[in-house]
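Novice: predicted model and sequence follow; I will ask about them next.
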Amino acid sequence: MPRYEYRCRTCDDTFEVSRPMAESSVPADCPAGHADTVKLLSAVAVGGTSSAPAPSGGGCCGGGGCC
């Protein structure tokens, strides 16, 4: 289930809520009980390594890429 991050405008606390995507736009109360919250945009970090070998030269121009 996705996690959404919210910030309370009253106490400036930041918190997360797990809920289905269909409920992503439903307002969330902060843990202190305040209702004036805003959903934050979260950046998704994708990391890891590739198991494919790096390309070696060649290509259409011989320099490793197209012109």
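Specialist: Right, received. Where do you want to start?
Novice: from here on, contacts and neighbour counts on C-alpha atoms
Specialist: OK.
Novice: neighbours of Pro31, just the number please.
Specialist: When neighbours are defined as other CA atoms under 10 Å, Pro31 has 12 of them.
Novice: mind listing what it touches?
Specialist: If you count contacts by CA atoms under 8 Å, 6 or more residues apart in numbering, Pro31 has them with Phe15.
Novice: now it: which helix or strand?
Specialist: Using DSSP states H and E, Pro31 falls within no helix or strand.
Novice: measure it to Asp12 for me?
Specialist: Pro31 is 11 Å from Asp12, where distance means CA to CA, to the nearest Å.
Novice: now do the contacts for Asp29.
Specialist: Taking CA under 8 Å, 6+ apart, we find Asp29 in contact with 8, 35-37.
Novice: what secondary structure does the spatially most central residue of the chain sit in?
Specialist: In the chain, the residue lying closest to the centroid (CA atoms, centre = their mean) is Val44, at 3.0 Å. Under the three-state scheme (DSSP: H, G, I helix; E, B strand; the rest coil), Val44 adopts coil.
Novice: re the thing from before, whichever of the contacts of Asp29 end up buried, select them in PyMOL.
Specialist: The PyMOL selection below is limited to those of those classed as buried (16 or more other CA atoms under 10 Å):
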select buried, resi 8+37
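Novice: now, which of the contacts of Asp29 sits nearest Val26?
Specialist: Val26 lies nearest to Thr37 out of the contacts of Asp29, by CA to CA, at 10.7 Å.
Novice: gap between the closest residue to that closest one other than its chain neighbours and Cys30?
Specialist: Once flanking residues are discounted, Thr37 sits nearest to Cys8: 4.3 Å by CA to CA, 6 or more residues apart in numbering. According to CA to CA, Cys8 stands 6 Å off from Cys30.
Novice: need the residues touching each of the two.
Specialist: In contact with both Cys8 and Cys30: Thr37, using CA under 8 Å, 6+ apart.
Novice: contacts only, for Ala43.
Specialist: By CA under 8 Å, 6+ apart, Ala43 has no neighbours at all.
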